[in-house]
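*Asks:* Next input, structure requested:
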Amino acid sequence: MITLHHLEHSRSQRIIWLLEELELEYQIQHYARDPDTHLAPAALLAIHPLGKAPVLTDGDAVIAESGAIIEYLTDRHGGDHGLRPDPGTPEALRWTYWLHFAEGSMMPPLLVEFIFRRVRKADMPFFARPIAERIADSVEEAFVHPNLERQLAFMESELAQRDWFAGDAFSAADIQLSFPLEAAAARDWLTPEQHPRLLDWLARIHARPAYQRARERGGPYEL
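*Replies:* Reported below is the predicted structural model:
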């Protein structure tokens, strides 16, 4: 039996969605975040040494990292679902690119922005707050904002050429990109004026029955 070790409000929500798209039998082990640190609980360390989600177990196999899990599941159970393009095609190359882009390019600036949002809200001596805010502002202006603006403009232009990120058909690359783009939308990075295609893409993935089933099974998911 496939078991997904799922942390609330996390990347692992998209693996539930993939499992639903693949129509596989699976079970979910739910984990709640620490209310003070917002981090994963220590119980996940018993599943994988890094103690992070998602982690998938399938028989003796223990697979961590969303991209690796997506490749594993589409390799073994993809069948006729069309979630991974045929090898050697332009769509397959784009599929691999977007699978890595989601975590390798888009998530780092989003994560930095999230960290500095928490820094701004953290308890600290009154005299330290202006310094912390100045550091946060400078990093965001120099690194976060330019990178996110460039990446979102690039993604918007890609959807001007095709309906989905890998090609004309929905694929697991779209599932992988759901988390960073939902996070960007939740933080008001997407606007109708600049990103109409990305917002339309979000509406289309949210309308998929498998996505809706995954939200019901996954539990709390706020970004």
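*Asks:* and the one helix or strand Pro146 maps to, what does it pack onto?
*Replies:* Taking DSSP states H and E as the criterion, Pro146 maps to helix 145-159. Helices and strands touching helix 145-159, by 3 or more C-beta pairs under 8 Å, 6 or more residues apart in numbering; DSSP states H and E, are helix 107-121, helix 172-186, helix 196-206. Heads up, the C-betas are built off the backbone N, CA and C, glycines and all.
*Asks:* Pull out the buried residues from it.
*Replies:* Neighbour counts over helix 145-159 (16 or more other C-beta atoms under 10 Å) mark 147-148, 151-152, 155-156, 158-159 as buried.
*Asks:* same deal with stretch 168-180?
*Replies:* Of all the residues in stretch 168-180, those buried under the rule 16+ other C-beta under 10 Å are 170-180.
*Asks:* Nearest to Ala43 among the residues you listed?
*Replies:* Checking the buried residues of stretch 168-180 against Ala43 by C-beta to C-beta gives Phe179 as the nearest, at 22.2 Å.
*Asks:* Does that closest one touch Ile15 like I think?
*Replies:* No - the criterion here is C-beta atoms under 8 Å, and Phe179 misses it with Ile15 at 10.0 Å.
*Asks:* Now the common contact residues for these two.
*Replies:* Common neighbours of Phe179 and Ile15, counting by C-beta atoms under 8 Å, 6 or more residues apart in numbering, are Ser66.
*Asks:* Among the buried residues of helix 145-159, pick out the one closest to Glu65, please.
*Replies:* Gln151 (20.5 Å).
*Asks:* center of this protein - which residue?
*Replies:* Phe179 (2.7 Å; C-alpha atoms, centre = their mean).
*Asks:* ok, so what distance separates that one from Leu18?
*Replies:* Distance check for Phe179 against Leu18: by C-beta to C-beta, to the nearest Å, it reads 12 Å.
*Asks:* which residues touch Trp165?
*Replies:* You called it Trp, but residue 165 is Phe. Residues in contact with Phe165 (C-beta under 8 Å, 6+ apart) are 94, 98, 155, 158-159, 171, 173-174, 177.
*Asks:* one more time with 10 Å, if that's ok
*Replies:* For Phe165, the contact set (C-beta atoms under 10 Å, 6 or more residues apart in numbering) comprises 91, 94-95, 97-99, 101-102, 155, 158-159, 171, 173-174, 176-177, 181, 201.
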